[in-house]
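Colleague: Task: produce atomic coordinates for the following.
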Amino acid sequence: MHKIGEAIIFCNRPISGFYKHKVFHLFPASESWPQPPSLSGDHPLRLDIFLNDVIDSFLVKEKIEQIHSRRKRVKNYMPNWVFIQDLVRKAAEDIIILLSTLTNYRFYQYTEKQSWFIPYTDGKFKRESMWGQEGYFIHSTSLKKVYSSSNSSLEMISAQKYYNIYGARLSTRFISFPDSINGLLDKYFSLTEAKLNTFKKACTLFYNGLTLKDDALSLSLALSSFVSSIETIIHFEERDESIKSCECCGQPIHHISRKFREFLMNYGSSQSYTKKYANRIYGLRSKILHQGRLLLGDVSRSSHYLPDSVEIEHLIRFLRICLINWLIRVE
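Modeller: Predicted structure coming up:
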């Protein structure tokens, strides 16, 4: 196992200990690293990525081929570390999206976006505006100190309790993982290429929904993205199934709403309320995308509209359980 590189990632909760898997390691920030002024902020974490496992587990053979192709085109004008950093960036993105689906927390990186901002120093905002770039900088010597402060592993919670705590992301001071996380990651990395790519696309849509919600961009589009994450897997499972056409117009009949309902009942809960819940959620999604019927929070541009927030948080919890159960059961 050979470490390819490291990345700084963020979460809105700090991590109290390390987590180690064969593909990557997570470490809390050293005491010398800059920290946010409050508990709910952008807390830095160190992500170490390992080359052999990344190539095997993330199936980045195509990425390696692209690197070799680019090397031939640019010949000796581009140093090797540029290509390696590109591989590290892609692997870090995949790990961030995967962890954000399998745990109750959204991990993220900065986009290096430039904008005006108001400086915050000594516990208060200054009465001035400055132009700057979104980012996080530490010296390389500080990056190495992270190991000395990571003497214990992060908290593990029973999976049944972990995924069924409402608002779990806000109920603890530090990041915690389910005690099933090792098995889930091992299962993911052992999937065939087709199944891995399918689950990766579903996780990406799920992550897009988390980002739309957390960044207060649109709860309506967040809901649509969450539903689409399930549809991605449904489409994969039904890829070999013949599709009937309407006798009147000849258009294909997909019955996607019925398949969505069956998926939630199979991988979420078989209780009678699940059928009604699935029908209501899919109906909301259809009205949003096909009729422009936005959630009230989007109409009033209020990200704190309580009914919408409660609806989305419940949907996140339920669909996360569905995705994880599919991952566990798929052969």
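Colleague: Helices along the chain, start to end?
Modeller: 51-57, 61-74, 80-102, 140-144, 159-164, 181-189, 193-214, 219-237, 256-267, 272-291, 296-299, 306-329 (DSSP state H).
Colleague: Report the buried residues of the fifth one.
Modeller: Along helix 159-164, these residues count as buried under the neighbour rule (16 or more other CB atoms under 10 Å): 159, 162-163. Placement of C-beta: from N, CA and C, glycine included.
Colleague: Off-centre distance for it?
Modeller: 18 Å (CA atoms, centre = their mean, to the nearest Å).
Colleague: what helices or strands is that helix leaning on?
Modeller: With contacts taken as 3 or more CB pairs under 8 Å, 6 or more residues apart in numbering; DSSP states H and E, helix 159-164 sits against strand 176-178, helix 306-329.
Colleague: List the contacts of it.
Modeller: 104, 168, 176-180, 317, 320-321, 324 (CB atoms under 8 Å, 6 or more residues apart in numbering).
Colleague: now those: which count as buried?
Modeller: Members of the contacts of helix 159-164 classed as buried by 16+ other CB under 10 Å are 104, 168, 176-178, 180, 317, 320-321, 324.
Colleague: Tell me the one of these nearest Leu289?
Modeller: Leu289 has its nearest neighbour among those in Arg320, at 21.7 Å by CB to CB.
Colleague: one step back: show me which pair in the contacts of helix 159-164 is furthest apart.
Modeller: Among these, Asp179 and Arg317 lie farthest apart (CB to CB), at 17.7 Å.
Colleague: how near is Arg261 to Lys124?
Modeller: Counting by CB to CB, to the nearest Å, the gap from Arg261 to Lys124 is 52 Å.
Colleague: quick one: the closest residue to Pro119 other than its chain neighbours from Ile118, how far?
Modeller: Ranked by CB to CB, 6 or more residues apart in numbering and with sequence neighbours excluded, the top spatial neighbour of Pro119 is Lys126, at 4.6 Å. For Lys126, the distance to Ile118 (CB to CB) stands at 7 Å.
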